[in-house]
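K.L.:
Using only what follows, build the 3D model:
(4 chains)
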4 protein chains.
Amino acid sequence: MALLRKLVNRTRTSQLLDKEEERKDLGFGTRITDTGGRLVNADGTFNSRRVNVSFWAWADIFHRLTVMSWPAFFAVTFGIYFIVNCLFSFVYLGIGIGHLSGIEAGSATHNFWEAFFFSAQTLTTVGYGRVAPIGHLTSAIAAFEALIGLLGFALGTGLMYGRFSRPKSMILFSKNAVFGPYLDINAWMFRIINESPNELVDVRAEVSLSRVETLPNGQKTRKYYPLKLERSQVNFFPLSWTLVHPITEESPLYGATEQSMEESDTEFLIYIRATEETFLQSVHARYSYRYNETVWGAKFRPMFDNTKIEGIVKVDVQTLHVYDEKPLNS
Amino acid sequence: MALLRKLVNRTRTSQLLDKEEERKDLGFGTRITDTGGRLVNADGTFNSRRVNVSFWAWADIFHRLTVMSWPAFFAVTFGIYFIVNCLFSFVYLGIGIGHLSGIEAGSATHNFWEAFFFSAQTLTTVGYGRVAPIGHLTSAIAAFEALIGLLGFALGTGLMYGRFSRPKSMILFSKNAVFGPYLDINAWMFRIINESPNELVDVRAEVSLSRVETLPNGQKTRKYYPLKLERSQVNFFPLSWTLVHPITEESPLYGATEQSMEESDTEFLIYIRATEETFLQSVHARYSYRYNETVWGAKFRPMFDNTKIEGIVKVDVQTLHVYDEKPLNS
Amino acid sequence: MALLRKLVNRTRTSQLLDKEEERKDLGFGTRITDTGGRLVNADGTFNSRRVNVSFWAWADIFHRLTVMSWPAFFAVTFGIYFIVNCLFSFVYLGIGIGHLSGIEAGSATHNFWEAFFFSAQTLTTVGYGRVAPIGHLTSAIAAFEALIGLLGFALGTGLMYGRFSRPKSMILFSKNAVFGPYLDINAWMFRIINESPNELVDVRAEVSLSRVETLPNGQKTRKYYPLKLERSQVNFFPLSWTLVHPITEESPLYGATEQSMEESDTEFLIYIRATEETFLQSVHARYSYRYNETVWGAKFRPMFDNTKIEGIVKVDVQTLHVYDEKPLNS
Amino acid sequence: MALLRKLVNRTRTSQLLDKEEERKDLGFGTRITDTGGRLVNADGTFNSRRVNVSFWAWADIFHRLTVMSWPAFFAVTFGIYFIVNCLFSFVYLGIGIGHLSGIEAGSATHNFWEAFFFSAQTLTTVGYGRVAPIGHLTSAIAAFEALIGLLGFALGTGLMYGRFSRPKSMILFSKNAVFGPYLDINAWMFRIINESPNELVDVRAEVSLSRVETLPNGQKTRKYYPLKLERSQVNFFPLSWTLVHPITEESPLYGATEQSMEESDTEFLIYIRATEETFLQSVHARYSYRYNETVWGAKFRPMFDNTKIEGIVKVDVQTLHVYDEKPLNS
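P.N.:
The predicted structure is shown next:
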């Protein structure tokens, strides 16, 4: 009774609200209706950009230094090392090269490099001592520089650890999804494998479909549907895994054709979450297949090879992307 | 049957208990009924203070050094560095400046600084060697100081990493909430955006309303109500998100006016939890809007811009706080 | 039907099994029935000991170095530093003091300390250079020692971070629980407060009662009951929190007296789990009250002080343990 | 009605799909039907291998350096230290031994080692200074090497911390499972204990049975069944824990004999997950018992010893594997 009354109230208050609450939305909204781009890029990032962010948010140094590539990381490290040494070199020259024992003063360039190398020996705390500070001001600068060196190094250690230890999934996705026969019906399928020696457990997949639909009033709107998978979780993931969305009558893809998928700018959004075994951290992977990345009338070639080498099951990663043509069930 | 009997028993035992168990409480209790202050401050901290805590709880050094601002952190670091060097300098002077080779003894001030810089070279493990310890006692002190330096540096490295890696949300809240038209009814709304390049997923919001009510016996008590949101979770958060509490008949705000909200010292408490993508850590944000931070008869201006630059969706962070006047639905 | 058939089957197969599956057990088993000791100690550790564990399990160095007290940690650090330097000192002396430049050979003790300090300067990588290795063997040992020093320091850094960052709750428990009047009935209550400036959110409590009961056949067995709390979770925890187990007819304590609790060796086991805000880590606390730590006919004095200093709610940690006598409801 | 219609639709669409969705699979698939090997090895790793993985996935250095044994880790560290010093030694010799002050040039071997030890003193930032770089090129190389040393050391620190802090369970499994009498029926049982001083809480166990079955059409297929445990979770784990799968009529082992288990290549797969108390991290353990590791007609000897030393419960780890023969219930 209470429930019924509640429902009646709600309906009386706002029918539009009820509709709105039922609408699925992954967080992209309904207005992206031109078919020029994709929602999720191939590397899993979102195809959007925030402008006019504050400087500090933009800079977010730790995040940037953590996610950048290794070559970029080393380039930044060496660049900063060089610049800091240059700055301190100028300071030592400004105080006077005479306050550095062991240097035979020469040309300006010679003096600069001698001061530069003294700075490097101080910053890294090597401190050979062939060149050493004399006089209180130079000694103070050197004491300051050594501390800066230690702090910078502390930062580097933290970054190094952050870069290495952050959860990374090495899940590979098949280049194409396939739309092919499955049991006695058809299904939309893609395939994944864990390439890393770091095993994954408790692997869960969520697949959504996003497409542009035309409302009765002619307005275009982007809609989102979760796709039911034949199996959306596996406990262990030592082999490959083919994810299957069977085309039953409840599927939003029931009756869809290659052409209708193109017209509606269909994109399949995939989100996979798992636990890696070295640190038992969560890892995740995001991926998307657009309509033109689905091959019609095809089936993946089995990767699983029952021939065992010394009793070990063998999986060939190279065959992940391989599919064979196979007519659809009708 | 069992359930019924149980219920009967309960009722017989204590009707007051049943009431108490149903009462919502966020952990603030019911007695904060004067309208002088807020429950949650603008920076998300609680507006309360514990007094007479033990020294160690108060000091909780790691926590303090982790959450303090960067300038404060560097000031503390340099301060400690300076003080520790001073202390060791006095020890070396106490033993005798003669036990430090390479120093030409001079005025007391001169000797102090020479010992100070030797100490700094030892603490940072630079160890140029222009000045070096002679004699067993001075050597022992120096060996001890070098170990202290390494331990202190180990601590600094840990702190640096802790500061950088700790989960921080860069969620920006609109300066004001708005009470405005929504579909065919009205709603209380606020808006958030993730300012960081570090994407958030699985964003969940909980909004509660806290206000002072007068009991039938005239006593004032603080009550708490969870507010139902039209959508309380999004999977992805690449754009902005407007959180909407629709004013239906079930809403505790049904029939509320600007004046009634002031009289009841209404405060909206917001708690947002999400997962950031770099380390897949949980991040959270707390915020509160008081009655006078809600603008009546207004609507947020869309931040979402469908014009794409090179196929990329663009969001202008600066428009987060912008709203337009719009009459309420009646 | 299926369910019914299943139930019948089960019953037919084993009535004892059904009973066993329903029995509550926290992991202590049923056989601890002498009343000499408690299950959980005051510091939250279990009152049990594993004997004959393997050496490596016993040693589990990282765990020990992480949980030991700070004085013990520093004592171990200095001890290892001293011993390692002694060992290397003997090696350098064995090769010959002549291979260390800058040392004027003297008595055996003098030579030992000179080698010892050279070792310390190498291990910490200070390397003044007043004493330096000459000859390939001594140089090789020194190169090895410097690497050992770096590795040891790497270890120390990790330990330092581990010690500081590991989740610690600073939840204080009231020294006694009280059994006193609550609303129109009675209740068993205790009180907690977070002493740290590091706020806790999402605090959940589980309270169990453990007591020895006599089976119909006269055998003694230890039984466990979860205790229902009037409120077992709070979102925020800025103030104190009194946990209340109301004595209703369903309570296993219904009808219990001070004497019956002693005779049955009653122990209340408390487990609290929360999320701390600095790193959003889980923290937990375990505690236990034995029968003789419950005060009968008492009530906690309110800690919450409505007087605000500059609009801030004030809580006095010192009053956590304070209770007042108050007759039980009948 | 809606549900019914839905079910009818489903059935009409594909009966095979319904069957497929009900099939249990742990992620190993159905095709491993030869009885030559096991699914899970004794150390918890999967008995499978991925071939043709990319170089970077294969190398995944951090993972390898984190999980390798300590002797291997130290061997790798010393190896890299040696090689890097050799490389820099050759560079210094190439520039000219004359650019290193303090070295008396001699034979090629002598020069190499002198350069080698200078390199070691630079890489570790010891920098005695007896040997020091002269000339810009040599100084630049040394400055570069010192930075490399610091970066390498930063890496080592991160690895050291990663190795120590990663979640490790020290759960010991009894060498054999037993199939023996339990209450008034029989049960398949194994026993575990936590060997580490680091306590575990919230211990959960999942046990599956995997065996090869022959389909009506004669094809062999591997099937998976979850095994119901008499108790699958304990809050605390201070003592040993015997996990019991009672053989009721619903058990897939109902009616199984020692011979039938061998013929069907039965393997029991165990997955245990818990929370350790030092860092409140998740830890897990995987184990498997094959048919020939189950002892028929036996029962574990109690490890729990009620004799208390100074009121402390004592558990003898050595008796974990001990069982006594005991005839099965019929």
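K.L.:
What sits closest to the most centrally placed residue in chain A if chain neighbours are left out?
P.N.:
Residue closest to the average C-alpha location in chain A (CA atoms, centre = their mean): residue A:44, at 5.5 Å. Closest residue to residue A:44 apart from its sequence neighbours, by CB to CB, 6 or more residues apart in numbering or on different chains: residue A:286 at 3.9 Å. Heads up, the C-betas are built off the backbone N, CA and C, glycines and all.
K.L.:
The host helix or strand of the one you found: partners in the sheet, and parallel or antiparallel?
P.N.:
Using DSSP states H and E, residue A:286 falls within strand A:282-290. Partner strands for strand A:282-290, per DSSP bridges, with pairing direction: strand A:267-276 (antiparallel).
K.L.:
okay but residue A:189 is in contact with residue A:296, surely?
P.N.:
No: using CB atoms under 8 Å, residue A:189 is not in contact with residue A:296, being 11.8 Å away.
K.L.:
what sits against the residue nearest to the centre of chain A?
P.N.:
For residue A:44, the contacting residues are A:285, A:286, A:287, by CB atoms under 8 Å, 6 or more residues apart in numbering or on different chains.
K.L.:
Can you name the residues of the stretch 151-300 of chain A that neighbour chain D?
P.N.:
By CB under 8 Å from any CB of the partner chain, the residues of the stretch 151-300 of chain A that approach chain D are A:153, A:156-157, A:159-161, A:164-165, A:170, A:183-185, A:193-199, A:201, A:203, A:230-231, A:234-239, A:241, A:246, A:248-250, A:275, A:277-280.
K.L.:
what does the stretch 51-200 of chain A have sitting close to chain C?
P.N.:
By the rule CB under 8 Å from any CB, the part of the stretch 51-200 of chain A lying against chain C is A:125, A:127, A:128, A:129, A:157.
K.L.:
can you tell me which two in those residues are farthest apart?
P.N.:
A:129 and A:157 (25.6 Å; CB to CB).
K.L.:
Point out where the stretch 51-200 of chain A drops to low pLDDT.
P.N.:
Residues of the stretch 51-200 of chain A that meet the criterion pLDDT under 70 lie in A:55-59.
K.L.:
show me where it has strands.
P.N.:
A:100-101, A:132-133, A:171-173, A:177-182, A:185-194, A:200-214 (DSSP state E, counting those that start in this stretch).
K.L.:
Make TSV from those strands and add mean neighbour count to it.
P.N.:
Formatted as TSV, the strands of the stretch 51-200 of chain A follow (neighbours: other CB atoms under 10 Å in any protein chain shown):
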stretch	mean neighbour count
strand A:100-101	20
strand A:132-133	26
strand A:171-173	21
strand A:177-182	23
strand A:185-194	24
strand A:200-214	19
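K.L.:
can you list the domains in chain A?
P.N.:
A:58-165, A:171-325 (automatic domain parsing).
K.L.:
Name the member of the contacts of residue A:44 with the most neighbours.
P.N.:
Neighbour tally across the contacts of residue A:44 (other CB atoms under 10 Å in any protein chain shown): the maximum, 22 neighbours, falls on residue A:287.
K.L.:
That residue contacts residue A:270, doesn't it?
P.N.:
Yes: counting by CB under 8 Å, residue A:270 is a contact partner of residue A:287 at 4.5 Å.
K.L.:
and for those two, which residues touch both?
P.N.:
Common neighbours of residue A:287 and residue A:270 (CB under 8 Å, 6+ apart) are residue A:173.
K.L.:
distance of residue A:330 from chain B?
P.N.:
35 Å (CB to the nearest CB, to the nearest Å).
K.L.:
Make sure that residue is indeed in a helix.
P.N.:
No: the assignment for residue A:330, made by DSSP: H, G, I helix; E, B strand; the rest coil, is coil rather than a helix.
K.L.:
count of residues packed around it?
P.N.:
Around residue A:330 there are 6 residues (other CB under 10 Å).
K.L.:
now residue A:218
P.N.:
Residue A:218: 6 surrounding residues under other CB under 10 Å.
K.L.:
so it is in which element?
P.N.:
Residue A:218 belongs to no helix or strand when assigned by DSSP H and E.
K.L.:
give me phi/psi at residue A:103?
P.N.:
phi -100, psi 130 (degrees, to the nearest 10).
K.L.:
Compute the number of surrounding residues for it.
P.N.:
Residue A:103 has 19 neighbours, counted by other CB under 10 Å.
K.L.:
Tell me if I'm right that it and residue A:97 touch.
P.N.:
Yes: shown here, residue A:103 and residue A:97 form a contact pair, counting by CB under 8 Å, at 6.0 Å.
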